[in-house]
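Undergrad: Build me a model:
(chains A and B)
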Amino acid sequence: MSEIIKRPEIKSVDFCVDENIWGHRLYDEQLPHLTVLEFLGVLGSNLDKPLCPHEGSGGSVKFQPQRQIRLRGLLFNNPYVESIAESALPDEEKWRQWFEKFDQGKTGNGDDDMAYLRQSFASFDDFAKAVELLRSSSFESRSNKRWSSKFVFPFGPDALYEDLEIDSRGKMSNDRRFFARTGELLYLMLTRAKRGAELGDILAKRLFDREVPMNRLARALQGPPQIADDPRPSGYLPETAHARFDQICEDWLSILAKDMPIYDALEHLIAISSLNMLLYFLERAKRIAGDDDPVEIVCEIVSRERTKVRALSGDSYQFNQGLSAKAVRTHVEAIRQEDQWGKAVASEFPEAERVKLMRERFQWPTADEGDDEDYSGKSPDELVSDLAELALARHEQHVGKIHASWSRAIGLSSRRLSRRTRYAPNDRLLKSIVVVIVDDRMQFDEFLAEAKRRYGLVLGDAEGAHLVEAKLIDQEELSENRGNLEARLIGLGLVRRLSDSCSFVENPFAFKGEAAC
Amino acid sequence: MENDIQQMINVASTPPNGEVELGAPPASAWVRFLRSYGPTPNNLTMFDEYVSGALGRAKVQPISLSTPLLDSMVQYVESKAPGSLLIAGTAGDGKTYHCRALWTRIGGDPKVWAGKGNVKEYRLTDGRLAVFIKDLSEFNGEESDLPLQRLEKSVLGGDDSEIVILAANHGQLLDRLRDLGKRQGRVHPLRKPLQERFLQAGPAPDRLAVFDLSRSTSRKTLDEVANAVAGHPEWANCARCSLKAGGRVCPIDENRRRLLGESDGGQLARRLGDLVEIARLNGLHLPVRDLLALCSNMVLGYADAKGAKENLMTCADVPNIQESGHIGKASIYTNVFGGNLPKRRAADRPVFKAMASFGVGEETTNAADGLLVYGKDDSRLQADFDRLVGCDLFYGATAEFRAAQDAYLEGYEGARLEGGSSEFMEMLEAQRRRFYFTLPEAEADHPRWSMTAFRFAGDYLGIIESLKAKKPVSEIVRGRIAKGLNRVMTGLLLENVDRIFIASSGGFTQSRVSVLCNHETPSRRQGGVGMAIKLDEETERPQIDVSLSPGPGNSVAFDLTPIRHEFLSRVADGALPASFSNECLEDLLAFKAKLLRKAEIVRKTGFAGDDEAGGEASALTLNFIDIEPGGRGFARPVTVRTPA
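TA: Numbering: from 1, shown residues only, chains lettered A, B, ... in the order given. Below is the predicted model of the structure:
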């Protein structure tokens, strides 16, 4: 087990349990693309040393995110632009009406004077077209989220900004609703990966080119960037190194080495980093709970006929779903097994010594007099039990939902054709996995073995041999599953069959110079 | 088991004789033998043990096929070129047969070959030892290590004392090389080059001649198989058969004649060849063994297991069939698609799966169905009906068909019930199948390709023909491809045929609509720029090659398979059937992504140091695609001044 960085004090939490295990913090509602957007915000603020550790900051990094109030306002808090553009008014009148309307909805955070737009666009209609273009390419363009939580596609440095709450009086606050630091943790993971700095340079070069057309368009709407007032420290990530951190980094490097436009690469980066972070979540949980077996994800490839693999993948899903709660309980109760806990008996005030230990470990029970609950009368053993209950209750609310929420978001789990959720990867995820694993081409069975090695995915009979041995399933069922996957990948143009029992997975974005696709 | 039937067929060399069971029709032994090639439910008949037994019992002449690659193999051995020889192929391609034929040709003793053992050695006159490895699959696990080491020594080790002749399945060989490499703690040096060779992505190693039999079947092979089956000398016995005397028609004889092309100038075989060709270009491989099964089924198939056991006729079945008047059920046009077989059995055979994928029988046009349903009674259609349907008394407008048609049109009570018209519907399917093969080439109202799922396959084959003859591709076809590309690229219903828009949505390539034109290029290559349609010599398929700037390295190529061509053509026509899998769209989106990337690179190199200094440098031009009322798209520039 790698070295654990000492956790700094985390304010505004009742206790630190999830935080000790996974860091501060992984959050279920921060969906994959929001994680990567938050990550890009941190990166954008550290372009002088991308994905390099900061000296003397205890493993964390500092960053100062952009806010871009004008850009996001124009895109997502600007409902009149279309109707005005469609009207038959003269250009001058259109501008006048629109300025008036926009002024009514402004937040007062640097969006008072929008006159510069008239310099940028030759006509109001051009302006409206530009707004429409950026809107249509944004993430979740049709969702009903608050406007300050909608994001433009990360075209370049000028198109990045942080999630905010903006109240009716224009007061901005960082409520961590959708940017809950998961992206910060991703940044730390990649910083701690062996090839992090190499990746950082590539990302800085390819995603932060100020001069690409779409970024220039974003800049034309935004004007000069607006940046948060103070630099802030990132969240806390316990381990100094982890095989999973390296895997994310390798995966990103592999995707970026493919012959595809960078904006298309983003889709795969998002899916693969979330798959890896989900695995980090499960692996960490397993390790804490004292289970050293690798994480396993038995996947059903949905086909017309129902198979026994469905039941097995449902079981696998349930098992993994239960891992994090197990880890929480084990982590809290483990304090009783520690040397210092035992040694405390010999000290002058054994109980106080143990409470102190707990406070150091969990920031709980609080020393604060004003606390509603009274812990003073309880024995340390009782306190441990209490904390375990409290921690589990809090865990259920968000962190415990990460497995369900993220696996659904990346298309790994599904309830299709079944009442039970199980692992049944969709086409997009399969494609991302092919893009990341296969350099140019790879024999199908090697691909399956590699998917198992990297992500614990059990797709065919060779990968599930131990399940067959344990009489959980027939070999035939698993090879049928494998056959279904092959057929699916053929349908996606990702597998070529050579002859009976010989097929190759092919990456359509392999670098081949002049070769055909 | 993995041996070839041809091998056994040729071994037997009993002269033909008419000695058959008393009273049986004169060709019945031969027909029974031919039947053993057909798609019977028992797969064992595919293998040499059974076929050779059948041959012995039937005492007939074997079916012999030419072996076009054999001469090159012999030549390679005799050329004394150092190195070894690999015969690769799928089950049923004739690997073992070629291996054995080569053994005999260079002087090996057939008796030695027939003896036990999977490895045979023969000292060549030039002193080298020829090591034949009959079949890699005969070795269990690590037993194949030694032969593979000998191969490696000869190919990569510079050992000129041996020439290894290895017959193997693609997958098996690659698997074994990998396993061997793993056991030796290295990546086997032969594996990667062979893989590339099999996938047509690279050359074979210098000292290894690779003969890939799975690449060799084509229209020509089919013609040969069809001729070998339908033109077999044993059929001569039919001349004195009572079953075709006195005005009686034997369906077996009829089918054989049609396959031979006696009355249609070979049209049926040609059109069947087209289907085989399209299937091949779509990447399906049909081994010789499958083509034999297909031809056997065409001649002997019968759509009713009550009339013919296992849906394949023998001579003994013929009298009953004649009496029942259901000769139509032996229609060669149904048999060719496996329509005589139960669904499950047809689906088990790759060849019938391939044939079924054309959807012939289900696909149709209003005109064709109108003719088939109303033609008999509609005065405007009658002449066409008589010419196209009525003329064929056995499989066209038979008395059965006319009766079913009447019942359907008159609307007798039975026809109104659920499924009451199913009999006629089945007959209709059979007629549509017949149409594919019999519609005259010049029939403008009824193009035969419309009877298939590949409506534009005729144009596709036309492209290849033009390219081979170094003639220009038809403007209509080129325009349609350009239009289809434009619609996929932009997600807009554009009509442009003369230019290609390489468009993006700004963000993901996958976005449904892309309104930003990143690059525009003519749909005909001029001055090194634009779309060219070329022939890829290796795959024999046309290739779309879009060049964005003169000079090498500035173009992206797209392998145009029949199904991709069909997809583009249908998109251009405005209707995309949902039955198309995602495959084509994904392929095209990957192509689009590559074009966008190339456009980005070309733009960057083109503009380096080319911008005006000063204020203009901060102006950005975005080309939005606007659509004129007629549907033609054009790029409308929007200029944006951006702060530095």
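Undergrad: For the chain, which segments count as strands?
TA: Because you didn't say which chain, this covers chain A. A:62-63, A:165-166, A:172-173, A:232-233, A:297-298, A:413-414, A:422-423, A:441-443, A:457-458, A:495-499, A:502-506 (DSSP state E).
Undergrad: Chain B is the one I meant
TA: Secondary structure of chain B, counting by DSSP E: strands at B:84-88, B:119-123, B:129-133, B:162-168, B:208-212, B:499-504, B:516-522, B:530-535, B:542-547, B:555-559, B:619-627, B:633-641.
Undergrad: Could you dump these into CSV with distance to residue B:229, mean neighbour count and mean pLDDT added?
TA: Any C-beta I mention is one placed from the backbone N, CA and C, and that applies to glycine too. Output for the strands of chain B, formatted as CSV (distance: least, CB to CB, whole Å; neighbours: other CB atoms under 10 Å in any protein chain shown; pLDDT from 0 to 100):
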stretch, distance to residue B:229, mean neighbour count, mean pLDDT
strand B:84-88, 25, 25, 93
strand B:119-123, 32, 15, 92
strand B:129-133, 30, 20, 93
strand B:162-168, 26, 25, 93
strand B:208-212, 25, 21, 92
strand B:499-504, 47, 25, 94
strand B:516-522, 50, 21, 93
strand B:530-535, 32, 19, 95
strand B:542-547, 32, 22, 96
strand B:555-559, 34, 22, 92
strand B:619-627, 56, 18, 91
strand B:633-641, 54, 17, 92
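Undergrad: re the thing from before, give me whichever of the strands of chain A is most buried.
TA: strand A:297-298 (a mean of 26; mean count of other CB atoms under 10 Å in any protein chain shown).
Undergrad: can you tell which of the strands of chain B is closest to residue A:33?
TA: strand B:499-504 (18.9 Å; CB to CB).
Undergrad: So which elements touch the closest one?
TA: With contacts defined as 3 or more CB pairs under 8 Å, 6 or more residues apart in numbering or on different chains; DSSP states H and E, strand B:499-504 has these neighbours: helix B:475-490, strand B:516-522, helix B:582-607.
Undergrad: Let me know which of these is the nearest to chain A.
TA: helix B:582-607 (3.9 Å; CB to the nearest CB).
Undergrad: ok and that closest one relative to strand B:499-504, angle-wise?
TA: Helix B:582-607 and strand B:499-504 are oriented at 90 degrees to each other (axes from the mean of the first three to the mean of the last three CA atoms, to 10 degrees).
Undergrad: by contact count, what packs against helix B:582-607?
TA: helix A:475-491, helix B:475-490, strand B:499-504, strand B:516-522, strand B:555-559, helix B:562-573.
Undergrad: want to throw these into TSV with distance to residue B:447?
TA: Putting the helices and strands packed on helix B:582-607 into TSV (distance: least, CB to CB, whole Å) gives the following:
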stretch	distance to residue B:447
helix A:475-491	29
helix B:475-490	14
strand B:499-504	28
strand B:516-522	30
strand B:555-559	26
helix B:562-573	13
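Undergrad: hmm, back to that, ranking the strands of chain A by mean pLDDT, which is last?
TA: Here the lowest mean pLDDT among those goes to strand A:495-499, at a mean of 81.
Undergrad: Looking at the strands of chain A, which is nearest to chain B?
TA: Nearest of these to chain B, taken as CB to the nearest CB: strand A:502-506 at 2.7 Å.
Undergrad: JSON lines please, covering the strands of chain A and showing distance to chain B.
TA: What follows is the strands of chain A, written out as JSON lines (distance: least, CB to the nearest CB, whole Å):
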{"stretch": "strand A:62-63", "distance to chain B": "24"}
{"stretch": "strand A:165-166", "distance to chain B": "24"}
{"stretch": "strand A:172-173", "distance to chain B": "23"}
{"stretch": "strand A:232-233", "distance to chain B": "27"}
{"stretch": "strand A:297-298", "distance to chain B": "24"}
{"stretch": "strand A:413-414", "distance to chain B": "17"}
{"stretch": "strand A:422-423", "distance to chain B": "21"}
{"stretch": "strand A:441-443", "distance to chain B": "7"}
{"stretch": "strand A:457-458", "distance to chain B": "21"}
{"stretch": "strand A:495-499", "distance to chain B": "4"}
{"stretch": "strand A:502-506", "distance to chain B": "3"}
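Undergrad: chain center to stretch B:73-83, what's the gap?
TA: 32 Å (CA atoms, centre = their mean, to the nearest Å).
Undergrad: got the buried residues for it?
TA: B:73, B:76, B:77, B:83 (16 or more other CB atoms under 10 Å in any protein chain shown).
Undergrad: of those, closest to chain A?
TA: residue B:73 (19.6 Å).
Undergrad: and the stretch 301-450 of chain A, which residues reach chain B?
TA: A:427, A:431, A:441, A:443, A:445, A:446 (CB under 8 Å from any CB of the partner chain).
Undergrad: Flag the shaky bits of the stretch 401-550 of chain B, pLDDT-wise.
TA: Applying pLDDT under 70 to the stretch 401-550 of chain B flags residues B:414-416.
Undergrad: correction: the stretch 51-200 of chain B
TA: Ranges of the stretch 51-200 of chain B meeting pLDDT under 70: B:51-54.
Undergrad: Do stretch A:472-487 and chain B come into contact?
TA: No - on the criterion CB under 8 Å from any CB, stretch A:472-487 is out of touch with chain B, staying 10.0 Å away.
Undergrad: which outside residues touch that stretch?
TA: Residues outside stretch A:472-487 that contact it (CB atoms under 8 Å, 6 or more residues apart in numbering or on different chains) are A:299-303, A:307-309, A:312, A:430, A:444, A:448, A:459-461, A:464, A:467-468, A:495, A:497, A:503.
Undergrad: For burial, what's the neighbour tally of residue 269?
TA: Using chain A. Per other CB atoms under 10 Å in any protein chain shown, the neighbour tally for residue A:269 reads 25.
Undergrad: oops, I was thinking of chain B
TA: 22.
Undergrad: How much space separates it from chain A?
TA: To chain A, residue B:269 is 26 Å away according to CB to the nearest CB, to the nearest Å.
Undergrad: Show the pLDDT at that residue.
TA: With respect to pLDDT, residue B:269 has a value of 93.
Undergrad: Residue A:70 now?
TA: 95.
Undergrad: quick one: it and residue A:226 touch, right?
TA: Yes - Residue A:70 is within contact range of residue A:226, at 7.2 Å (criterion: CB atoms under 8 Å).
Undergrad: Could I get the contacting residues of residue A:232?
TA: A:62, A:63, A:64.
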